[in-house]
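Engineer: No sequence on hand, only this structure:
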């Protein structure tokens with residue numbers, strides 16, 4: 001029995017799809033089938049940089065061997081960011097529902113690696129393991145049916161915003177409760193979805209519940225056609241990210257290796273076209289702070305070698321995290337060429353520039369450095385984190401810059417003013433602490449479907 005206030009997908013039936021919408025849906029599926037060869041070629045191409053794309057293609061097409069699963073809960077997290085946001089939720093589900101299996105899907109190999117690092121010891125096949133990871137199925141009718149036939153989820157949970165017409169329709173037909181959690185929808189994305197017209201309205205109608213990060217996101221989902229009673233505001237799970245208990249000890253060790261007395265600033269999760277701007281800023285900064293160390297962390301592993309080469313071409317002595325050696329005094333750039341250590345890198349930095357914001361990517365999670373008390377700097381492209389960035393600015397925890405010249409100036413100012421860094425860091429910690437609670441609210445919503 002569902003608890004009071006829980007939307008029950010079994011309480012309403014979908015009306016027959018009008019012929020026009022059925023035609024659109026068929027056109028959508030046929031188009032995906034025609035594009036499949038191009039998609040597979042793209043996997044080959046991406047595999048040149050990250051060989052993970054060359055493996056496990058069958059899973060993406062619904063061909064895999066599934067072990068025996070017990071009332072499985074399915075959680076989809078596209079890549080690293082979503083997997084990290086979902087990690088506290090997954091831990092709680094494993095603790096609260098130990099009899100149930102968890103199926104975790106990702107789209108990218110880096111997301112797969114993050115799931116393996118976080119929950120590999122609980123994979124099915126390990127003693128007491130309940131977790132299965134497979135790649136997310138392509139949104140083709142046959143592929144979706146094979147995936148659902150093999151996993152048979154009792155609940156499907158999409159992290160953030162993943163809207164797939166064929167998959168969602170199959171979940172509705174099979175009466176699988178489907179929730180979109182930590183849901184966000186920028187004005188830019190809403191405009192793009194809006195062009196799909198009736199198809200997107202039908203897709204939203206197949207969702208049992210949308211748990212939006214804030215009222216603005218919730219309003220955009222409603223404007224696109226989501227049922228008003230099927231949309232609620234939950235908050236942002238990123239505020240609830242757990243900080244490992246041993247982080248301070250590990251950070252102290254790494255800081256000694258970097259140089260205790262050296263000012264360290266991190267450029268985290270950089271993208272193509274952004275590393276050059278960061279290195280330009282670093283060159284300006286070194287004019288006044290020649291002892292500064294840049295901790296440069298590319299977003300994608302396939303770019304590690306290119307970023308290293310770029311820094312060396314600029315004339316800097318470069319050290320790699322993978323070398324496992326202390327930085328020499330002449331080292332200018334430390335490249336974080338490892339996975340799963342971003343929190344550690346933030347913890348050793350004096351100032352954090354959160355990238356994906358000097359190029360039109362939309363920004364990345366700036367709550368991680370804020371939670372650690374590190375002053376935050378970001379660029380102008382923030383459409384994925386518009387509300388969070390605004391809150392950080394208003395609280396005094398962050399600075400926004402427009403270009404590499406301003407980046408150098410702001411980082412230089414912060415490195416030269418310990419009191420200001422402490423003030424901004426404390427503001428960030430306070431903001432994160434005051435906004436925690438989305439995880440418990442989401443678990444409360446899920447309880448009604450899982451009890």
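Structural biologist: Cool, the structure landed. Just so it is clear, the model here is predicted, and its values are computed rather than measured.
Engineer: which residue sits closest to residue 243, ignoring its sequence neighbours?
Structural biologist: residue 371 (6.4 Å; CB to CB, 6 or more residues apart in numbering). (Each C-beta comes from the backbone N, C-alpha and C, glycine too.)
Engineer: how many other residues sit next to the one you found?
Structural biologist: Using other CB atoms under 10 Å, residue 371 has 23 neighbouring residues.
Engineer: repeat for residue 94
Structural biologist: The tally of other residues near residue 94 (other CB under 10 Å) stands at 17.
Engineer: Was I right to think the residue nearest to residue 243 contacts residue 428?
Structural biologist: Yes: counting by CB atoms under 8 Å, residue 371 touches residue 428, with 7.0 Å between them.
Engineer: Give the helix, strand or coil label for residue 353.
Structural biologist: Put simply, residue 353 is strand when judged by DSSP: H, G, I helix; E, B strand; the rest coil.
Engineer: Write down the beta-bridge partners of it, one by one.
Structural biologist: With DSSP bridges as the criterion, residue 353 is bridged to residue 267, residue 377.
Engineer: just to revisit the earlier point, tell me how far the residue nearest to residue 243 lies from residue 176.
Structural biologist: Per CB to CB, to the nearest Å, residue 371 is found 34 Å from residue 176.
Engineer: now swap in residue 238 and tell me
Structural biologist: 26 Å.
Engineer: ok, the two, which is more surrounded?
Structural biologist: A side-by-side neighbour count of residue 238 and residue 176, using other CB under 10 Å, places residue 238 first with 23 against 18.
Engineer: check contacts around the more buried one.
Structural biologist: Counting by CB atoms under 8 Å, 6 or more residues apart in numbering, residue 238 touches 85, 182, 365, 367, 388.
Engineer: one more time with 7 Å
Structural biologist: 85, 365, 367 (CB atoms under 7 Å, 6 or more residues apart in numbering).
Engineer: For the second one, grab the count of nearby residues.
Structural biologist: This means residue 365. Residues near residue 365, counting by other CB under 10 Å: 23.
Engineer: Nearest spatial neighbour of it, chain-adjacent residues omitted?
Structural biologist: Take residue 365 and drop its neighbours on the chain: the residue closest to it by CB to CB, 6+ apart is residue 238, 5.5 Å away.
Engineer: Mind checking which of the contacts of residue 238 are in strands?
Structural biologist: Judged by DSSP state E, strands contain none of the contacts of residue 238.
Engineer: Give me the distance from stretch 381-399 to the chain's centre.
Structural biologist: Its chain's C-alpha centre and that of stretch 381-399 lie 17 Å apart, by CA atoms, centre = their mean, to the nearest Å.
Engineer: got the contact list for it?
Structural biologist: 186, 188, 214, 216, 357, 359-363, 366-367, 370, 376-378, 400, 410, 423-424, 427-428, 431.
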